[in-house]
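Asker: coords please:
(one chain, ligands or ions: 1)
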Amino acid sequence: MQQVVYVANPVSGLIHVFQLAEGELLPLQEVQTGGEVQPLVISPDRRWLHAGVRPDFRVLSYPIAADGRLGTPASAPLLGSASHTCTDGSGRLFFAASYAFNHASVSRMDEQGQMQPPHQCLDGLMAAHSVTWLAGHDGEQELLVACLKEDAIRRFTLTEDRLTPHPLGDLHTAQGAGPRHLALHPTNGDLYCLNELDGTLSRYHRKADGHINGRQSLDMLPPGYEGERWGADLHLTPDGRFLYTSERASNLLTLFGIDARDGALTSLAHFPTEACPRGFAIDHGGRWLIATGQQSDQVAVHRIDHESGQLTLASRQPVGKGAMWVRVLDLAGRPA
Ligand SMILES: O=C1O[C@H](COP(=O)(O)O)[C@@H](O)[C@H](O)[C@H]1O
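Answerer: Numbers count the residues shown, from 1 in each chain. As a prediction, the model looks like this:
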């Protein structure tokens, strides 16, 4: 499997492009974005890397070459600082959550790959920290917005190119939890929410009728932990057997096992990683976990044990300042 890793470093304004080779990151390219580059998302057809930049709020859409290198980007305005972005399943719609501007916006990408200015903006979403696109069993599509200061995950139905409040209403977390990032299980219909402020991980289940119900809430930190809590990110292995979270006060990654029969989560182990692991990613083979250190200016690659999910440090790579976002592209099967 040939894979390329993109790392965004807002303080240096740089995107690093690496080849992932047996746990080592081999430098391929450094791209100066001209701004504080933050959220990265790869389009579903794997032809574009969309990067949110500030303080001139824009999305830069970089064409991805056959070897993973980035070409000259097209640029489109955004309405505020993007904290997190995603696309719909076709890649034609681009969503951005803005924590500071309390909104989520929707933009269209045209046939030529040019992103348009946002055509819809949902205001009053307090500390909107992430956007997650979800396809239902019945062809229904929705967008989930994790609103940290509302202790709510707001649900919106996507019809054509526009969002409206979901008829089944929003999801509410524990008071003071601070919902931040969401992840979906690849097969069992479970949805997970990392809560930044209380350091917990919540599991929900989406039923075929669209109802989403809470199932479990677990601590991300080790028993007896009494320090600060500052949860950051979560990801699953592609086979859906393991889930990992990152926490920035303890600099720990936490491993959770996922029961194959009923989806039950169990906290299994904790592993030290880079200082302030604000973002991480898991490669497409489920063999490597790549964590950024916002305060170490390094990226760590951890080997994932296939049987147990346990992590061991494989390598560390210096990167630019404020390393924050990391994305992995599988080059196989890309359109020519
Ligand atoms: O993780 C955090 O996120 C919020 C929003 O992030 P931003 O990069 O979009 O400004 C930030 O305000 C907070 O300090 C940080 O802990």
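
Asker: so which residues on the stretch 1-150 of the chain come close to the ligand?
Answerer: 38, 81, 83, 99-100 (CB under 6 Å from any ligand atom). Where C-beta positions appear, they are placed from N, C-alpha and C, glycine not excepted.

Asker: next step: those residues restricted to strands.
Answerer: Where these overlap with strands, as defined by DSSP state E, the overlap consists of residue 38.

Asker: got CSV for the residues of the stretch 1-150 of the chain next to the ligand, with pLDDT too?
Answerer: As requested, these are arranged in CSV below (pLDDT from 0 to 100):
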residue, pLDDT
38, 98
81, 98
83, 98
99, 98
100, 98
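
Asker: can you select the buried ones from the residues of the stretch 1-150 of the chain next to the ligand in PyMOL?
Answerer: Only the buried members of these enter the following PyMOL selection, criterion being 16 or more other CB atoms under 10 Å:
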select buried, resi 38+81+83+99
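
Asker: so which pair among the residues of the stretch 1-150 of the chain next to the ligand is furthest apart in space?
Answerer: Spatial extent of these (CB to CB) is set by the pair 38 and 100 at 11.5 Å.

Asker: which ones are touching the residue in the chain that the ligand sits nearest to?
Answerer: For the chain, the residue positioned closest to the ligand under CB to the nearest ligand atom is residue 83, at a distance of 3.2 Å. Residue 83 makes contacts with 38-39, 97-100, 128-130, as judged by CB atoms under 8 Å, 6 or more residues apart in numbering.

Asker: would residue 149 count as being in a strand?
Answerer: No - assessed with DSSP: H, G, I helix; E, B strand; the rest coil, residue 149 is helix; it does not lie in a strand.

Asker: neighbours of it, how many?
Answerer: Residues near residue 149, counting by other CB atoms under 10 Å, number 15.

Asker: test my guess that it contacts residue 125.
Answerer: No - checked against CB atoms under 8 Å, the pair residue 149 and residue 125 is beyond contact range at 9.3 Å.

Asker: residue ranges with poor pLDDT in the stretch 151-300 of the chain?
Answerer: By pLDDT under 70, the stretch 151-300 of the chain contains no weakly predicted segment.

Asker: now the strands for it?
Answerer: Per DSSP state E, counting those that start in this stretch, the stretch 151-300 of the chain has strands spanning 152-159, 162-165, 171-172, 179-184, 190-195, 200-206, 212-219, 231-236, 242-247, 252-258, 265-272, 280-282, 288-292, 298-304. These are given in chain order.

Asker: same list (these) but as a markdown table, adding mean neighbour count.
Answerer: Formatted as a markdown table, these follow (neighbours: other CB atoms under 10 Å):
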| stretch | mean neighbour count |
| --- | --- |
| strand 152-159 | 19 |
| strand 162-165 | 14 |
| strand 171-172 | 18 |
| strand 179-184 | 23 |
| strand 190-195 | 25 |
| strand 200-206 | 21 |
| strand 212-219 | 16 |
| strand 231-236 | 23 |
| strand 242-247 | 26 |
| strand 252-258 | 22 |
| strand 265-272 | 16 |
| strand 280-282 | 22 |
| strand 288-292 | 27 |
| strand 298-304 | 22 |
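
Asker: turn the ones you listed into TSV, including distance to residue 4.
Answerer: Converted to TSV, these look like this (distance: least, CB to CB, whole Å):
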stretch	distance to residue 4
strand 152-159	30
strand 162-165	32
strand 171-172	35
strand 179-184	22
strand 190-195	26
strand 200-206	29
strand 212-219	33
strand 231-236	17
strand 242-247	21
strand 252-258	22
strand 265-272	25
strand 280-282	12
strand 288-292	12
strand 298-304	14
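
Asker: can you pull the contacts of residue 299?
Answerer: Under the criterion of CB under 8 Å, 6+ apart, the contact list for residue 299 reads 7, 25, 274, 290-293, 316-317, 319, 323, 326.

Asker: name whatever forms a beta bridge with it.
Answerer: Here residue 299 sits in beta bridges with residue 292, residue 317, as judged by DSSP bridges.

Asker: for residue 202, same thing?
Answerer: For residue 202, the beta-bridge partners under DSSP bridges are residue 193, residue 217.

Asker: from residue 181, how far out is it?
Answerer: In this structure, residue 202 and residue 181 are separated by 11 Å, where distance is defined by CB to CB, to the nearest Å.

Asker: quickly list what's touching both of those two.
Answerer: Taking CB under 8 Å, 6+ apart as the contact rule, the neighbours common to residue 202 and residue 181 are residue 193.

Asker: which residue comes closest to residue 286 once chain neighbours are left out?
Answerer: Among residues not flanking residue 286 along the chain, residue 237 sits closest, at 4.0 Å (CB to CB, 6 or more residues apart in numbering).
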